[in-house]
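Participant: generate coordinates for the sequence data below:
(one chain, ligands or ions: 1)
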Amino acid sequence: MIEAQFSGQQGSFKLDVEFAAPSQGVTALFGPSGCGKTTVLRCVAGLVRLAQGKLVVDGEVWQEGRRFVPVHRRAIGYVFQEASLFPHLSVRDNLEFGQKRAKRAKGGKQTINFDDVVELLAIAPLFDRPTSRLSGGERQRVAIGRALLSQPRLLLMDEPLSALDRMGREEILPYLEQLHRALSIPVLYVSHDIGEIERLADTLILMRHGGVRAAGPIAELLSDPSLPLVRMPEPASVLDGTVMEYDPGYGLATVDVPGGTLLIAGDIGPTGSTRRLRIEASDVSLSREVLKDTTILNALPVRIDMVQPIGDTQMTVRLKLGEDGNGAPLLSRVSRLSWDRLGFKPGDTVVAQIKAVALART
Ligand SMILES: Nc1ncnc2c1ncn2[C@@H]1O[C@H](COP(=O)(O)OP(=O)(O)OP(=O)(O)O)[C@@H](O)[C@H]1O
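Facilitator: The predicted structure is shown next:
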């Protein structure tokens, strides 16, 4: 567990945050420009010391009261927007620099193996190249590799994809997804791209004006109609599911999610593997009964949990999968006219028809 609390003034900007992040997986810091995301990362790294602060990383106190472990003594890897590789060194030398740093940092245990990192990020073919001859995505892969080889207890990533074009981002995202699966290092990930966050994050810290607006599991926050996330373009829910089987005849995979089972097009992975699914709110419609004679494959019983109007004409509805509403949250966007006509209310068990389910994380 990472426990953090920072408050104080930086110029005219006031930061006052407190959050806890799990020791595994990706915790994303998300919020509008200038809300303080980078400042939080800099506080965690020990680059900024505000008037008050506390930081405990897996039981090790990095900051509390007068205690302040300096930046070079913190076992962190830091990946920035622009990969800051050493231009005079080859790719291999840049990676080895990461390893040497590990030996200097206090508490840095050698748990991340050179060959594993090279394989995970497919860096071997780049080894002997000067860093000036790498693409943006390749540079970022090397920068991530170098950060990992410093044996961090915590990986900090500040908009690591934002300097890349769309293709570059798409190229690197699968590597980040794999890192997530293969390594058990916690990651604090700053981004203002909700698409990236939907794919990568497990926990979300939603920031506003230097404070924490909400924090919790990504699936819960994305589907909370009281949060501004649902007012973004194309709001969606994410569900983590287990692949149960694949029917090659119809090209459909059966995926179990908490509180239900979904069919999704394509052979999305071996039986037993976990996959993240993304369902747009506007692809979920509601009815009182199971509809007959429909081409929609996925119709699941759900409980209406919360509702929030969006403007005068639309309603955002948070559903919980299952008759008893004990399953995963799901977001639906319906017209206010339909909502009023059908007389739905929180607590009702209804049927959700899901027009499209996309794969968000492989
Ligand atoms: N060294 C500094 N001195 C004074 N003010 C600062 C300093 N660094 C940042 N700020 C201010 O603190 C606020 C938060 O900045 P920060 O970079 O943390 O925001 P952010 O959420 O990461 O923004 P963005 O998404 O645009 O990168 C901004 O108003 C910024 O101008």
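
Participant: ok, the residue of the stretch 51-200 of the chain found nearest the ligand - contacts?
Facilitator: Of the stretch 51-200 of the chain, the residue with the smallest distance to the ligand, taken as CB to the nearest ligand atom, is His192 at 5.3 Å. Using the backbone N, CA and C atoms, a C-beta is placed for each residue, glycine as well. His192 makes contacts with Phe30, Gly31, Pro32, Ser33, Lys37, Glu159, Ser162, as judged by CB atoms under 8 Å, 6 or more residues apart in numbering.

Participant: and the nearest residue to the second one once chain neighbours are set aside, how far from Lys320?
Facilitator: With CB to CB, 6 or more residues apart in numbering as the measure, Met207 is the residue that lies nearest to Gly31, at 3.5 Å, once sequence neighbours are left out. The spacing between Met207 and Lys320, counted by CB to CB, to the nearest Å, is 26 Å.

Participant: Tyr246 now?
Facilitator: 27 Å.

Participant: equivalent analysis for Tyr175, please.
Facilitator: Counting by CB to CB, the gap from Tyr175 to Lys320 is 34 Å.

Participant: Gly269 contacts Thr362, doesn't it?
Facilitator: Yes: taking contact to mean CB atoms under 8 Å, the distance of 7.0 Å between Gly269 and Thr362 places them in contact.

Participant: who touches both of these two?
Facilitator: Shared contacts of Gly269 and Thr362 (CB under 8 Å, 6+ apart): Arg275.

Participant: now the contacts of His192 as JSON lines including neighbour count, distance to the ligand and secondary structure?
Facilitator: Shown next, in JSON lines, are the contacts of His192 (neighbours: other CB atoms under 10 Å; distance: CB to the nearest ligand atom, whole Å; DSSP: H, G, I helix; E, B strand; the rest coil):
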{"residue": "Phe30", "neighbour count": "23", "distance to the ligand": "9", "secondary structure": "strand"}
{"residue": "Gly31", "neighbour count": "22", "distance to the ligand": "6", "secondary structure": "coil"}
{"residue": "Pro32", "neighbour count": "11", "distance to the ligand": "7", "secondary structure": "coil"}
{"residue": "Ser33", "neighbour count": "6", "distance to the ligand": "3", "secondary structure": "coil"}
{"residue": "Lys37", "neighbour count": "24", "distance to the ligand": "4", "secondary structure": "helix"}
{"residue": "Glu159", "neighbour count": "18", "distance to the ligand": "7", "secondary structure": "coil"}
{"residue": "Ser162", "neighbour count": "15", "distance to the ligand": "9", "secondary structure": "coil"}
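
Participant: export those to a markdown table and tack on pLDDT?
Facilitator: Converted to a markdown table, the contacts of His192 look like this (pLDDT from 0 to 100):
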| residue | pLDDT |
| --- | --- |
| Phe30 | 96 |
| Gly31 | 93 |
| Pro32 | 91 |
| Ser33 | 92 |
| Lys37 | 96 |
| Glu159 | 93 |
| Ser162 | 87 |
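
Participant: as CSV, those residues with distance to Gly251 would be great.
Facilitator: Supplementary listing: the contacts of His192 in CSV, determined by distance: CB to CB, whole Å:
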residue, distance to Gly251
Phe30, 35
Gly31, 40
Pro32, 41
Ser33, 42
Lys37, 41
Glu159, 37
Ser162, 36
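
Participant: let me know the closest of the residues you listed to Thr203.
Facilitator: Using CB to CB, Phe30 is the member of the contacts of His192 that sits closest to Thr203, with 10.8 Å.

Participant: related to what we said a few turns ago, what backbone torsions are found at the residue of the stretch 51-200 of the chain closest to the ligand?
Facilitator: phi -110, psi 20 (degrees, to the nearest 10).

Participant: and it, how close does it get to Pro32?
Facilitator: Here the criterion is CB to CB. By it, His192 lies 7 Å from Pro32.

Participant: same question, Arg181
Facilitator: From Arg181 over to Pro32 the distance is 30 Å, taken as CB to CB.

Participant: return the residues of this protein in contact with the ligand.
Facilitator: Taking CB under 6 Å from any ligand atom as the test, the list of the chain residues beside the ligand reads Gln10, Gly11, Phe13, Gly31, Ser33, Gly34, Cys35, Gly36, Lys37, Thr38, Thr39, His192.

Participant: which helix or which strand is home to Lys54?
Facilitator: strand 52-57 (DSSP states H and E).

Participant: show me what that strand is packed against.
Facilitator: Of the remaining helices and strands, those touching strand 52-57 by 3 or more CB pairs under 8 Å, 6 or more residues apart in numbering; DSSP states H and E are strand 2-10, helix 37-45, strand 60-64.

Participant: can you tell me the strand partners of that strand and which way each runs?
Facilitator: strand 2-10 (antiparallel), strand 60-64 (antiparallel) (DSSP bridges).

Participant: how about those strands in TSV, adding mean neighbour count and mean pLDDT?
Facilitator: Conversion of the strands paired with strand 52-57 to TSV gives the following (neighbours: other CB atoms under 10 Å; pLDDT from 0 to 100):
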stretch	mean neighbour count	mean pLDDT
strand 2-10	18	96
strand 60-64	18	96
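
Participant: what's near enough to touch Arg275?
Facilitator: For Arg275, the set of contacting residues under the criterion of CB under 8 Å, 6+ apart consists of Asp240, Gly241, Thr242, Val243, Val255, Ile268, Gly269, Leu359, Arg361, Thr362.

Participant: let me fix that: Ser332
Facilitator: Residues counted as contacts of Ser332 (CB under 8 Å, 6+ apart) are Ala281, Val284, Ser285, Leu286, Thr316, Val317, Arg318, Leu319, Ala352.
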